[in-house]
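*Asks:* Any chance you could fold what I've pasted below:
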Amino acid sequence: MTDVSERIETLAERAHRDREAFEPPSNPPDEEAALTYLTEGVGDVVALYIDARTGEMVRFTDAEFVLLEQALNDWLELYAACYGADLDAAFTAREVAELVVDTHSIRESALLLTGIPERDRRESWSHADT
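*Replies:* Here you go, the predicted model:
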């Protein structure tokens, strides 16, 4: 369990650093940064959650869940901010993980959860989705 606790703490620290360092794009969207927050942030949280749930059925403590979900929501808010949108994210690790498993796409999952980007921006996405 120590390994999972350390991984959660590392994710929480990274999310906090990302929030602190974030500067809104001067001309949104910054799709590259948005995708980075999804893949290297949200994706890491989802991967940890799925690994923990499908491996040894690790039980997270309440404090670990708070840290994990705060990191997840921090990165989703940064993703939205890259499109010039404000988001008060309050998603659970479970709902995001289930959506990623269902859609097979972190990007599509973020869109379904947040509604960001708006329809006209989605058309610029390539079919080679992440």
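*Asks:* Please enumerate the helices of the protein.
*Replies:* 2-21, 31-37, 43-54, 62-81, 93-103, 106-114, 119-122 (DSSP state H).
*Asks:* May I see those helices organised as JSON lines, with distance to residue 87, mean pLDDT and mean neighbour count added?
*Replies:* Placement of C-beta: from N, CA and C, glycine included. Formatted as JSON lines, these follow (distance: least, C-beta to C-beta, whole Å; pLDDT from 0 to 100; neighbours: other C-beta atoms under 10 Å):
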{"stretch": "helix 2-21", "distance to residue 87": "13", "mean pLDDT": "95", "mean neighbour count": "15"}
{"stretch": "helix 31-37", "distance to residue 87": "12", "mean pLDDT": "97", "mean neighbour count": "18"}
{"stretch": "helix 43-54", "distance to residue 87": "16", "mean pLDDT": "93", "mean neighbour count": "18"}
{"stretch": "helix 62-81", "distance to residue 87": "4", "mean pLDDT": "97", "mean neighbour count": "21"}
{"stretch": "helix 93-103", "distance to residue 87": "13", "mean pLDDT": "97", "mean neighbour count": "17"}
{"stretch": "helix 106-114", "distance to residue 87": "6", "mean pLDDT": "96", "mean neighbour count": "20"}
{"stretch": "helix 119-122", "distance to residue 87": "15", "mean pLDDT": "57", "mean neighbour count": "10"}
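*Asks:* quick one: the spatially most central residue of the chain from residue 20, how far?
*Replies:* Centrality entry for the chain: nearest residue to the mean C-alpha point is residue 42, 2.3 Å, by C-alpha atoms, centre = their mean. Taking C-beta to C-beta, to the nearest Å as the measure, residue 42 falls 18 Å from residue 20.
*Asks:* My understanding was that residue 35 contacts residue 110; is that so?
*Replies:* No: Residue 35 is beyond contact range of residue 110, at 9.3 Å (criterion: C-beta atoms under 8 Å).
*Asks:* gap between residue 56 and residue 70?
*Replies:* 24 Å.
*Asks:* what do you get for residue 117?
*Replies:* Plainly put, residue 117 is 24 Å away from residue 70 if you go by C-beta to C-beta.
*Asks:* what do you get for residue 22?
*Replies:* 15 Å.
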